[in-house]
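In: sequence and predicted model, in that order:
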Amino acid sequence: MSIRSGITIFGGTLFFGKRLLGIRAAIAVGAIALVGASCTSPPAGPGGLQAPPTVDVWMVGDSLSYGTGFQMSTTPWLGSAGASGFTSSGQTVILDDVLAAISAYGAPDHVLVMAGVMDVAGGQTTLDITTAMQAFEDSMTGQGVGVVWVAEPGYQYSGGLDLLADWINTKPLSVDCRSLAGPHKGDFVHPNSYVAMAGCVADAVTTLGITW
């Protein structure tokens, strides 16, 4: 398990930001006070663009990344961008969303990326998805943004996500906390509780000395 820097949630389902906040659906300002709370599900919030906080690390991805980031001991600003993927099969495409945020607010130092279930559910091949994921990384690296990959469980889509995790785990900056995801919720996609998985990710970040 390795990770080098960064955190913000944006993109597939959420995002945090250095100068980012949310482009499709932002969490209400009051939700900030709930960051780090013990509840297992993040609060919903109204859409709309708000002035982003100063956060050097973004976490980007889908709803699983949102739930995980919400439970981390140190949590970036949370905003929800709605479900999305790395390919055009998602409601939104993570690269497009992140590029839009960078255009609006400037690039973060790092992004922690956790997604893939929407792509697998949409019937995209592993090669299609990993090609799009690599394109995301190449784009971020070209702008001086460090990319840290996080594998996700996805339960009923675990077969496809396991193949993505195999690719993710070849990256020097990667985190795999799937073994701590725990039982799934009734939708067979989201964890019943994000606490253990979030703790694992947070520990990895802390071990690498990442602060924000």
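Out: Looks like it arrived, so ask away.

In: and Thr131, how far from Gly160?
Out: From Thr131 across to Gly160, the span is 15 Å (C-beta to C-beta, to the nearest Å). All C-beta atoms are positioned from the backbone trio N, CA, C, and that covers glycine.

In: more neighbours: which of the two?
Out: Gly160 (20 against 14; other C-beta atoms under 10 Å).

In: would you report the backbone torsion angles of that one?
Out: phi -70, psi -40 (degrees, to the nearest 10).

In: so what's it up against?
Out: Shown in contact with Gly160 (C-beta atoms under 8 Å, 6 or more residues apart in numbering): Gly116, Val120, Thr126, Gly154.

In: same deal with Thr68?
Out: Contacts for Thr68 (C-beta under 8 Å, 6+ apart) come out as Met59, Met114, Val150, Tyr194, Met197, Ala198, Val201.

In: is it correct that the fifth one is in contact with Val175?
Out: No - contact status for Met197 versus Val175: not in contact, 9.9 Å apart, counting by C-beta atoms under 8 Å.

In: packing partners for the helix ranked longest in the chain?
Out: Ranked by number of residues, the top helix in the chain under DSSP state H is helix 126-142. When contacts are defined as 3 or more C-beta pairs under 8 Å, 6 or more residues apart in numbering; DSSP states H and E, helix 126-142 packs onto helix 94-105, strand 110-114, helix 117-121, strand 146-151, helix 158-168.

In: so the second one versus strand 146-151, what angle?
Out: Our comparison of strand 110-114 with strand 146-151, counting by axes from the mean of the first three to the mean of the last three C-alpha atoms, to 10 degrees, yields an angle of 20 degrees.

In: the helices and strands packed on helix 126-142: which one's closest to Phe136?
Out: Phe136 lies closest to helix 94-105 among the helices and strands packed on helix 126-142, at 4.7 Å (C-beta to C-beta).

In: what comes up buried for stretch 187-202?
Out: Neighbour-count burial for stretch 187-202, with 16 or more other C-beta atoms under 10 Å as criterion, is recorded at Val189, His190, Pro191, Ser193, Tyr194, Val195, Met197, Ala198, Gly199, Cys200, Val201, Ala202.
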